[in-house]
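> I would like to see how this sequence folds:
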Amino acid sequence: MFVGRDHELGLIRERLADRSKAQLILLYGRRRIGKSTLIRRALAPHRGVLFFEGIEGERTQMQIAQFLDDLARQTGRVRLGARTWREVFQGLAEFVQTGRHVLVFDEFPWMGAGRARIVSELKLWWDRWARNPDLALFLCGSVASFMIRHVVHSKAFHNRKTLELCLGALTPRETARFLPRRGVRETAQLYMCLGGVPKYLEQIDPRVSLEQNLNRLCFSAGGFFVDEFETLFKEQFRSIKIYESIVEALARSPGSLSDLARRVGVPRGGGFQEQVGNLARAQFIREYRPVGSANHKRSRTAAFKLVDPFLIFYFRYIHPNRDVIRRNRRENLFRAIAGPTIQQYYGYAFERLCEDAFDAIAERIGLSLADIVHMGPYFQQGAAFGKGLQIDWLVQRRDEVWTLMEFKYSAAPVGTEVIREVEEKIRRLRAPETVSIEPVLLAAAGASPAVSRAGFFRAILTLRDLVG
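Prediction:
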């Protein structure tokens, strides 16, 4: 099933429609995010498409042999006798020098067996292939050191790429379209446990409940997600121990770059910064610089948080119980392990859901990105201004209106106590006199009639506004 990706499809199709010059398109993202599916969708109406895919863990000669087999099969031509990538690309040049051709090099880092030499060879031949303005080449791969360092940030392709796309997860709204038989609450709960990764959503059985799905997939022997963390990071990154250590540390608590390096036990340097950056590009973690007010300046120190819903759920419930889970063949361990605290978990994860649904929120309350100066969580220590202050999300706009968002997850509509809580936060915020505060409530189950009648909130949004 294919849903969403309208923006990405539009950009790719725009490039493919431009026949004035050859197109070099770079597409990358985390494993299982749907990069290959997106390309195939975009290329569905096109003829003359050649797909080539690298083989995980194989050496250069095997990669070349597979490439040549695929070339002969897709073109009907005699198999080339090339032994190096230079000879491969030279032979391919004779085929693509005229006419309409679209080439897809999927899992390009595997194709090069992790060696950067394939990049320099391809750059040399791309300059020759590109004389044909009817040619398009996709270089596709996961967010890993090779793809980022040698392709995305490569000097070889810097002035040659015509489009660069980092593919992220589906939004909560798109996730709902992927799960059309689910109610908004169950869709939100699935998102808060697994996120918007298409491959993950494909595992959901629409015939059974959320609890039954999660028990089968996460808490039973052979379940898809029981060993997904190890599989994901092994396929995604080369130095998996460092990456695993960073994510595991952030699963316990957020931290700055220096703090994170200390907790992982490695020097804070270029290599470590690159690894943290790769995790952020893959959207496993996120960098936050809290918003400031006139009396409390914006922090210069960035904090990193684990934001991938599956990894948060994994470290909370699966990781510490793997030995028991791997033995389970008939019991409902979801109910035993996660059941007692799952509502608390949803309360925590609801904040991530709201952040990921920000576009839907902005549309609902009439916020334009062009009007926003800063946005993000707001923290104020208690020492300087009395009691401390935490605001879930604060949007500072150019028109001197600040939108203060309060996130509440509960099974029942929230009562009027939320008004008093937000009034106190506004008082402690001490915004400049020229600024107007616009409070917005995001409550999973909505608010009581008394809250609505009070007219205190600019808008009251529910799960349906986020995922409906």
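> make it CA atoms for all contacts and neighbour counts henceforth
OK.
> quick check: next helix or strand after the one helix or strand A65 maps to?
Using DSSP states H and E, A65 sits within helix 60-75. The helix or strand immediately downstream of helix 60-75 is helix 85-96, counting by DSSP H and E.
> who are the packing partners of the helix or strand just after that next one?
Once the chain leaves helix 85-96, the next helix or strand it forms, by DSSP H and E, is strand 101-106. With contacts taken as 3 or more Cα pairs under 8 Å, 6 or more residues apart in numbering; DSSP states H and E, strand 101-106 sits against strand 49-53, strand 135-142.
> contacts for the helix or strand following strand 101-106, please.
Going down the chain from strand 101-106, the next helix or strand is helix 108-111, by DSSP H and E. Under the criterion Cα atoms under 8 Å, 6 or more residues apart in numbering, residues 53-58, 60, 63-64, 115, 139-141, 146-147 lie in contact with helix 108-111.
> what do you get if the cut-off is 7 Å, keeping everything else the same?
With contact meaning Cα atoms under 7 Å, 6 or more residues apart in numbering, helix 108-111 is reached by G54, I55, E56, G57, Q63, L139, C140, G141, F146, M147.
> burial of the residue nearest to Q23 when sequence neighbours are not counted, as a residue count?
Leaving aside its sequence neighbours, Q23 sits nearest to A136 (Cα to Cα, 6 or more residues apart in numbering; 4.5 Å). Per other Cα atoms under 10 Å, the neighbour tally for A136 reads 25.
> contact partners for A136?
A22, Q23, L24, H101, V102, L103.
> among those, which two are most distant?
Pairwise distances across the contacts of A136 peak at 12.2 Å for L24 and H101 (criterion: Cα to Cα).
> against T98, how distant is the residue nearest to Q23?
Using Cα to Cα, to the nearest Å, A136 is found at 12 Å from T98.
> can you check E423 too?
68 Å.
> in the helix or strand where E424 lies, what counts as buried?
Using DSSP H and E, E424 sits within helix 417-429. Using 16 or more other Cα atoms under 10 Å as the test for burial, helix 417-429 gives I419, V422, K425, I426, R428, L429.
> go through those residues and name the one nearest D359.
Among the buried residues of helix 417-429, and counting by Cα to Cα, the member closest to D359 is V422, at 22.9 Å.
> could you pull out the strands for the stretch 301-450 of the chain?
Secondary structure of the stretch 301-450 of the chain (DSSP state E, counting those that start in this stretch): strands at 303-306, 372-380, 389-397, 401-408, 436-443.
> tell me which of those approaches F334 most closely.
strand 303-306 (22.5 Å).
> what helices and strands are in contact with that closest one?
Applying 3 or more Cα pairs under 7 Å, 6 or more residues apart in numbering; DSSP states H and E, one finds that strand 303-306 contacts helix 240-252, strand 285-288.
> give me the below-cutoff pLDDT ranges for the stretch 101-250 of the chain.
Within the stretch 101-250 of the chain, no stretch has pLDDT under 70.
> I'm done for today, thanks for sticking with me.
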